[in-house]
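In: Just to be clear, the model below is a prediction. Sequence and coordinates:
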Amino acid sequence: MKRIHFIAIGGSAMHNLAIALHRKGELVSGSDDEIFEPSRSRLLKEGLLPAEMGWLPEKVHTKLDAVILGMHAKADNPELLEAQRNGIPIFSYPEYLYEQSKDKKRVVIGGSHGKTTITAMILHVLQQAGIDCDYMVGAQLEGFDVMVRITENAPWMILEGDEYLTSPIDRVPKFLHYHPHIAVISGIGWDHVNVFPTFEAYLRQFRLFIQSIEKGGILIYNQADHEVEKLAMETEINKIGYQQHQSVRTENKTALIADNGEKIPVEIFGLHNMLNLNAAKEVCLQMDVDAAIFYKAISSFKGASRRLELLFENPEAVVYRDFAHAPSKVKATSIALREQYPEHQLLLCFEPHTFSSLSENFIDHYKNSLDEADEAIVFYDPHAVALKRLSEMTDDRIKAAFGKPGLRVVRSKDELMADLKQIHKRPIAAAFMSSGSFNGLIKEELEEVF
């Protein structure tokens, strides 16, 4: 039994790793200065919630086998400094995941968008096929109670590969720590401008990701993405390109056209999901999953939490929420909904929430991303802007960036709700897109409007 202490245990990935190690039988402790839901309840249920908030150096002692450092902590964190003084091994969570999977076959899903959904699809299929695997995924999945699993015996480790920085003391992308045997790049669209100030700097991280693939490994890449295609052509590594899976749509439903011509109804839709599905299929085939088993399993896949997730529907409205925050993903979600609901009034509400999306130097990349909408709203939260230490933009500047005639800008939840109540055309298909929460907007409030 190892003694492992988490600095910033409340993070989305961190608390799931803490739970996974606890369930494995390790002795886990942790600290944080604030812990929100659902992390708080999950840690409490496992007996891992810190008794008090704050950084307590006395928790860091020489009997510890390892300290795992979260991105939320700062480089001068008192517990981190204590660990460094005592010579305790310090890992980021990607480094520790690699340590736990060194003797396994690793599958890493990378890309600016789609990686959570692809990872979720693979895990869904493997679960249905009865193939044992460990995993780390960035969203809650139906049929899985935690987002990280670590065991001694599972032969595979499936990892969602994030290109953002690893930790305050390890400023390289997380996915460079994983060294995959099977790697996926789903698409490349410039993001994280606060750490990758040019597109070339961002692109270089994916070039390094390809170079990190284990000898004899394979790259599965999106041929429909020009930048990904160029990177794939630069390398001599074994590679498989994929495009969107063939499908047909009838009465707001999508069916795959399988290799044998059979039509297989699925719960998901849209070009981006047909691309995601083919990426997952290629991975599963490399893992010796039979194509027939893949199709049978994927037919029941409903999506990952907040990834084009159906919130509710009634005779007059169908309402989705989506994690979309990068320009390419906002546009892809918009097109998918327009294709799926061609006869509906389409409402698209987007909340810029990341540093990139709130930056005036980047916002012009959203040009035309909301063009499919009949009604388009940008929810621009001054509090989020202040937290990112950015300058506020005017409504006119935001409207010019999106280039969508009739686009409206709102700056509070009350203003948003008032705006929604003025939209009377029905039936309506609506999507609320953000990595944030629209100031705590909840399903019940939307049900009152629609």
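Out: It's in. As the structure is a prediction and not an experimental result, all values here were calculated from the model.
In: Grab the most central residue of this structure for me.
Out: residue 116 (4.5 Å; CA atoms, centre = their mean).
In: tell me what the strand or helix carrying it is packed against?
Out: Using DSSP states H and E, residue 116 maps to helix 115-129. Packing partners of helix 115-129 (3 or more CB pairs under 8 Å, 6 or more residues apart in numbering; DSSP states H and E): strand 105-110, strand 133-136, strand 156-160, helix 271-286, helix 291-298. Placement of C-beta: from N, CA and C, glycine included.
In: And the helix or strand harbouring residue 30, how far out from the chain middle?
Out: Using DSSP H and E, residue 30 sits in strand 27-31. Counting by CA atoms, centre = their mean, to the nearest Å, strand 27-31 is centred 26 Å from the centre of its parent chain.
In: And for stretch 402-416?
Out: Taking CA atoms, centre = their mean, the mean C-alpha location of stretch 402-416 is offset from the chain mean by 25 Å.
In: Pull out the buried positions in it.
Out: 402, 404, 407-411, 413, 416 (16 or more other CB atoms under 10 Å).
In: Which pair of those spans the longest distance?
Out: 404 and 413 (21.7 Å; CB to CB).
In: quick one on the thing from earlier: for the residue nearest to the centre of the chain, give me its contacts.
Out: Residue 116 sits next to 137-139, 160, 304, 307, 323 when contact means CB atoms under 8 Å, 6 or more residues apart in numbering.
In: Looking at those residues, state which has the most neighbours.
Out: Most neighbours among the contacts of residue 116, by other CB atoms under 10 Å: residue 160, with 28 neighbours.
In: From residue 423, how far off is that one?
Out: When CB to CB, to the nearest Å is applied, the distance between residue 160 and residue 423 equals 36 Å.
In: Where does the prediction get shaky in the stretch 1-150 of the chain?
Out: Across the stretch 1-150 of the chain, the ranges flagged by pLDDT under 70 are 140.
In: Now with 50, please.
Out: Within the stretch 1-150 of the chain, not a single segment meets pLDDT under 50.
In: coming back round to it: looking at the buried residues of stretch 402-416, which are in helices?
Out: Using DSSP state H, the members of those that fall in helices are 402, 413, 416.
In: was I right about the first one contacting residue 364?
Out: No - in this structure, residue 402 is not within contact of residue 364 by CB atoms under 8 Å, at 9.0 Å.
In: Find out how far stretch 102-121 is from the centre of the chain, if you would.
Out: That offset, for stretch 102-121, works out to 10 Å (CA atoms, centre = their mean).
In: Over to stretch 428-447?
Out: How far stretch 428-447 lies from its chain's middle: 18 Å, per CA atoms, centre = their mean.
In: Show the residue spans covered by the strands in the stretch 51-200 of the chain.
Out: With DSSP state E, counting those that start in this stretch, the ranges of strands along the stretch 51-200 of the chain come out as 66-69, 90-92, 105-110, 133-136, 148-149, 156-160, 165-167, 170-173, 182-185.
In: For residue 223, find the nearest of those.
Out: Closest approach to residue 223 among those (CB to CB): strand 182-185, 10.7 Å.
In: Let me see the contact set for residue 345.
Out: Counting by CB under 8 Å, 6+ apart, residue 345 touches 374-375, 423, 425-429.
In: Quick one: residues contacting residue 340.
Out: 249, 252, 254, 269-270, 429.
In: quick revisit: pull the helix holding residue 116 out as PDB, backbone CA atoms only.
Out: The C-alpha coordinates for helix 115-129 follow below in PDB (Å, rounded to 0.1, in the frame of the first residue of the first chain):
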ATOM      1  CA  LYS A 115     -11.400  13.700 -28.000                       C
ATOM      2  CA  THR A 116     -13.800  13.300 -25.100                       C
ATOM      3  CA  THR A 117     -16.500  11.800 -27.300                       C
ATOM      4  CA  ILE A 118     -14.100   9.500 -29.100                       C
ATOM      5  CA  THR A 119     -12.700   8.300 -25.800                       C
ATOM      6  CA  ALA A 120     -16.300   7.800 -24.500                       C
ATOM      7  CA  MET A 121     -17.300   5.800 -27.700                       C
ATOM      8  CA  ILE A 122     -14.300   3.500 -27.300                       C
ATOM      9  CA  LEU A 123     -15.000   2.800 -23.700                       C
ATOM     10  CA  HIS A 124     -18.700   2.200 -24.400                       C
ATOM     11  CA  VAL A 125     -17.800  -0.400 -27.100                       C
ATOM     12  CA  LEU A 126     -15.100  -2.100 -24.900                       C
ATOM     13  CA  GLN A 127     -17.500  -2.300 -22.000                       C
ATOM     14  CA  GLN A 128     -20.200  -3.900 -24.300                       C
ATOM     15  CA  ALA A 129     -17.600  -6.200 -25.800                       C
END
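In: Hey, what's the angle from it to helix 271-286? Just curious.
Out: Here helix 115-129 points in a direction 50 degrees away from that of helix 271-286 (axes from the mean of the first three to the mean of the last three CA atoms, to 10 degrees).
In: Quick check: phi and psi on the residue nearest to residue 218 when sequence neighbours are not counted?
Out: Of all residues not flanking residue 218 in the chain, residue 238 sits nearest, at 4.5 Å (CB to CB, 6 or more residues apart in numbering). Dihedral pair for residue 238: phi -60, psi 130, per degrees, to the nearest 10.
In: can you pull the contacts of residue 238?
Out: For residue 238, the contacting residues are 216-219, by CB under 8 Å, 6+ apart.
In: what about 10 Å?
Out: By CB atoms under 10 Å, 6 or more residues apart in numbering, the contact list for residue 238 reads 182, 213, 216-220.
In: is it true that residue 4 lies in a strand?
Out: Yes - remark: residue 4 belongs to a strand, assigned using DSSP: H, G, I helix; E, B strand; the rest coil.
In: Report the contact partners of it.
Out: Residue 4 neighbours (CB under 10 Å, 6+ apart): 17-18, 21-22, 26-30, 64-68, 89, 91, 96.
In: so it bridges to which residues?
Out: For residue 4, the beta-bridge partners are residue 28, residue 66 (DSSP bridges).
In: From residue 17, how far off is it?
Out: 9 Å.
In: Report the set of residues contacting both of these two.
Out: Residues touching both residue 4 and residue 17 (CB under 10 Å, 6+ apart): 28, 68, 96.
In: would CSV of those with distance to residue 56 and neighbour count be doable?
Out: Below are these laid out as CSV (distance: CB to CB, whole Å; neighbours: other CB atoms under 10 Å):
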residue, distance to residue 56, neighbour count
28, 15, 24
68, 16, 25
96, 21, 22
